[in-house]
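J.: Structure of the sequence below:
(2 chains)
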Amino acid sequence: MRRACIVGCGTTRFTTDTSEALESVLLRSVKNLFDSTPECDRRDVEAMIVSNASGGYAGPGSAGHGSHGGGNRGGRGRPGSAGNLSARDPHAPRRGSGYMAPILAELAGMSPRAAHTVESLCSSGTNAIVSGYAHVASGLADVVLVSGAEIRDTPGRILWWDDSRGEFKHPVYWASLLTSGYKRAFGVSDDDLAVIPARAYANARSNPDALRPEATPTAEDVAGSRRLTGDLRLLDCSRPCTGGASILIASEDVAGRYTDDPVWIAGVGQSVTSAGFAKHQNLSRIESARMACRDALRMAGSRNGSAPMSISDVDVAEIHDAFSVCEPMILEALGMAEPGGGAAASRDLHETASRRINPRGGLIGSGHPLGATGLAQAAEVARQLWREARGRQADNPEVGLVHNMAAAGTSSTALVMVR
Amino acid sequence: MSPVLSEFERAIGRGLFRVPECTECGAAVWPPSEFCSACLGGVRLGLGYGGGGVSGDGDKRLQGRIVECSMEMPAGRPAAGSVRSSFFCLVAFECGIRLIARLAAPVPPAPGDVVVLSSCGMSPDGAGYVFEVSTPDAPEDPANPANM
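T.: Next up, the predicted model:
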């Protein structure tokens, strides 16, 4: 396999705007990428991978169906089912379309050999990166553009297929059950978890792309925010939003044309334990995160040809804190904390104002545009390794890690990135 | 929609939970599917379970234990006279099926508590199935519409 590296990235501001077309958000992140990577000619791009949690196609006017958004199980007549395909609400914003990768190619003036879309709900972004990585590593392409975006009211927020959730399909319900399970297993309190959003928002203040960088809730504010369930408060939750992010992956053979400081994708790990939430056998841990990160570190070590890489080698990480409880659970899955020690580790990060974990604010602080999230995480780690993160810069990082997951942690993807 | 799924949804629409079972290995197949995830055998619907006045096959009740639970926050004021709160619980049934169900109870349930499936159906908004469990022999709460 050939080595592959990130040579450029571009991101958009995260907003609450639902009037934008998906392709417009994608295109803006692509423009930002090429503006900041002038050495790369768009004609060099041989493959394009688009990431979107609705597969690119939300359907004309299908998104605004009560609080549920659209659906991805239309065959059973769930909300958002296709219905009359010939009828289009002329007042509905253009949510997106199938064939989104070729559409983006045309709009960006590119004619790649391959262009396709990757959908894996919240981890669409890193799975698209893995697809781009595979194109380069296998020799199918030398330069791959990976671009992800989401509109805030995307139907990708809810896994309608999962009938084991009954009527409790919204993510706040699985998050509540994981929170309850984690607190019960390890004697963790709501107050212990309240520091997590406080640190996330504090870090996001220096992230110009963040949804609300001006927000400065304290742990007390989190504790006092509206209760959504017995175990979840409003400020424990990341917010769906509109946003885009793109990265450019190049082979080791051509990377030198674009940069003298590539960020290598040294390790890739992926794990799928199930699709349905009810298959979780242990609600106090996220097994897919543990396996994906283990495999990514193992691959990074073997690629280096030196001693196996361990989590202690990771200087900066972007992890999938969709809800407060996810942070300690993932810290434990990564091996950054012992089982049950994740909440104390999160408190330590808070008290030391550390930038090692989620320096841009994570999903809670920055917002969560599903199809862009994994790409924004990877872009942040690349900027950290390039020392271009300005006010949120971690201390001299050489090794970074991205963890991105979907559907209550039933699947995870991890990337190890080295300078 | 596959015949098995169609049949399952007709039954659950009548308040009857028919357990999808593999014709080869006998495993419960959940959520319902055309083929068994363990051996890819065919699937048939077993006997139905009802409860709480729903017509089922005999007096059988599907029993399980709570794996984890949390409390729903009422959107408005609780119904007058109700002394129960509403919880959502991940329940592991003895037939091998795990799902999230609503439970109305006067005190918070705990993992390991025994419950039975008391009702099931299709969501009025078409968003999927709805399940309710109760503790065995729990008295009905007349102020709770779920028990009416």
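J.: Residue A:411: what's it in contact with?
T.: A:120, A:123, A:270-273, A:275, A:288, A:405 (Cβ atoms under 8 Å, 6 or more residues apart in numbering or on different chains). (C-beta placed from N, C-alpha, C; glycine too.)
J.: how many neighbours does the residue nearest to residue B:60 when sequence neighbours are not counted have?
T.: When the adjacent residues along the chain are set aside, residue B:60 lies closest to residue B:49, with 5.8 Å between them (Cβ to Cβ, 6 or more residues apart in numbering or on different chains). Around residue B:49 there are 24 other residues, counting by other Cβ atoms under 10 Å in any protein chain shown.
J.: Pull the number of nearby residues for whichever residue of chain B sits closest to chain A.
T.: Per Cβ to the nearest Cβ, residue B:71 is where chain B lies closest to chain A, at 3.1 Å. Using other Cβ under 10 Å, residue B:71 has 19 other residues around it.
J.: would you say it is within a helix?
T.: No: secondary structure of residue B:71 (DSSP: H, G, I helix; E, B strand; the rest coil): strand, not part of a helix.
J.: Give the closest residue to it in space, chain neighbours not counted.
T.: In this structure, residue B:71 finds its nearest non-sequential neighbour in residue A:230, 3.1 Å apart by Cβ to Cβ, 6+ apart.
J.: right, and the one you found touches residue B:73 too?
T.: Yes: between residue A:230 and residue B:73 a contact is recorded at 7.2 Å, counting by Cβ atoms under 8 Å.
J.: if you count what's nearby, which of these two comes out ahead?
T.: For residue A:230 and residue B:73, the more surrounded residue by other Cβ under 10 Å is residue A:230, and the numbers stand at 18 against 13.
J.: list the contacts for the more buried one?
T.: Residue A:230 touches A:176, A:180, B:70-73, B:87, B:108, counting by Cβ under 8 Å, 6+ apart.
J.: For it, what are phi and psi?
T.: Note on residue A:230: backbone dihedrals following degrees, to the nearest 10 are phi -60, psi -20.
J.: Next: residue B:131.
T.: Torsion angles, degrees, to the nearest 10, at residue B:131: phi -130, psi 140.
J.: what's across from it in the sheet?
T.: Going by DSSP bridges, residue B:131 is paired in beta bridges with residue B:120.
J.: burial of it, as a residue count?
T.: The number of residues packed around residue B:131, counting by other Cβ under 10 Å, is 26.
J.: Over to residue A:257?
T.: Residue A:257: 14 neighbours (other Cβ under 10 Å).
J.: Next up, the contacts around residue A:345.
T.: Counting by Cβ under 8 Å, 6+ apart, residue A:345 has contacts A:328, A:331, A:336-337.
J.: and with 6 Å instead?
T.: A:331, A:337 (Cβ atoms under 6 Å, 6 or more residues apart in numbering or on different chains).
J.: ok so, going back, got a list of what the residue of chain B closest to chain A touches?
T.: Contacts of residue B:71 (Cβ under 6 Å, 6+ apart): A:230, B:85, B:87.
J.: Please repeat the previous calculation with a cut-off of 8 Å.
T.: Residue B:71 makes contacts with A:229-231, B:85-88, B:108, as judged by Cβ under 8 Å, 6+ apart.
J.: next one: residue A:37
T.: Shown in contact with residue A:37 (Cβ under 8 Å, 6+ apart): A:7-10, A:248, A:258-259.
J.: ok, 7 Å please
T.: A:7-8, A:248, A:258 (Cβ atoms under 7 Å, 6 or more residues apart in numbering or on different chains).
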